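Peer 1: sequence and computational prediction follow.
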Amino acid sequence: EFRRVLFRSIAGIVPSSGGTPLGARKVIAPNTASGARFEQSTATNGGYTIKVPAGTYRLEVELRTGEAVATQPDTTEVNVGDLDGQRDFVVTVR
């Protein structure tokens with residue numbers, strides 16, 4: 001039986017607490033039920049878009065030495081037809 005999986009998008013930005021976009025940062029979206037992981041790197045403007053099938057996702061961002069997450073999106077539920085935008089992080093850089 002052929003089953004088609006429809007992918008939706010989770011999108012947001014990753015800036016520092018000072019507002020500087022953080023490019024080349026990995027954003028990871030693990031599915032809370034299945035554990036399947038989807039990831040995408042941020043663009044030079046700090047923006048990211050991850051294509052995922054419908055489900056519930058916890059969003060994580062890759063940190064570097066001396067950094068901590070100041071703001072993180074809540075768990076995101078993606079349904080058919082959704083574009084879940086504004087799933088933004090803020091990273092404190094010491």
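Peer 2: Structure's in. What do you need? Numbers count the residues shown, from 1 in each chain.
Peer 1: which residue ranges form the strands in this structure?
Peer 2: 7-13, 26-30, 37-41, 47-53, 55-57, 60-61, 67-71, 76-78, 83-84, 90-93 (DSSP state E).
Peer 1: quick one: strands adjacent to the fourth one?
Peer 2: So the one you mean is strand 47-53. strand 7-13 (antiparallel) (DSSP bridges).
Peer 1: for the chain, name the helix or strand with the lowest mean pLDDT.
Peer 2: strand 83-84 (a mean of 54; mean pLDDT, DSSP states H and E).
Peer 1: name the nearest residue to Ile13, ignoring sequence neighbours.
Peer 2: Nearest non-adjacent residue to Ile13, counting by Cβ to Cβ, 6 or more residues apart in numbering: Gly46, 4.6 Å away. Just so you know, the C-beta spots here come from the backbone N, C-alpha and C atoms, and that holds for glycine as well.
Peer 1: that neighbour contacts Ala24, correct?
Peer 2: No - the pair Gly46 / Ala24 is not scored as a contact, 9.8 Å apart, by Cβ atoms under 8 Å.
Peer 1: so if I had to pick from these two, which one is more boxed in?
Peer 2: Using other Cβ atoms under 10 Å as the criterion, Gly46 and Ala24 rank with Gly46 on top: 21 against 10.
Peer 1: quick check, pLDDT for the nearest residue to Asn79 once chain neighbours are set aside.
Peer 2: With Cβ to Cβ, 6+ apart as the criterion, Asn79 has its nearest non-adjacent residue at 5.6 Å, and that residue is Ala54. pLDDT, Ala54: 88.
Peer 1: what of the one 3 residues further on?
Peer 2: Listed pLDDT for Tyr57 reads 95.
Peer 1: same question, Pro15
Peer 2: So, for Pro15, pLDDT stands at 95.
Peer 1: okay, and the beta partners of it?
Peer 2: The partner residues for Pro15, given DSSP bridges, come to Pro21.
Peer 1: that one touches Pro21, doesn't it?
Peer 2: Yes - counting by Cβ under 8 Å, Pro21 is a contact partner of Pro15 at 5.4 Å.
Peer 1: name the residue in these two with the higher neighbour count.
Peer 2: Pro15 (18 against 15).
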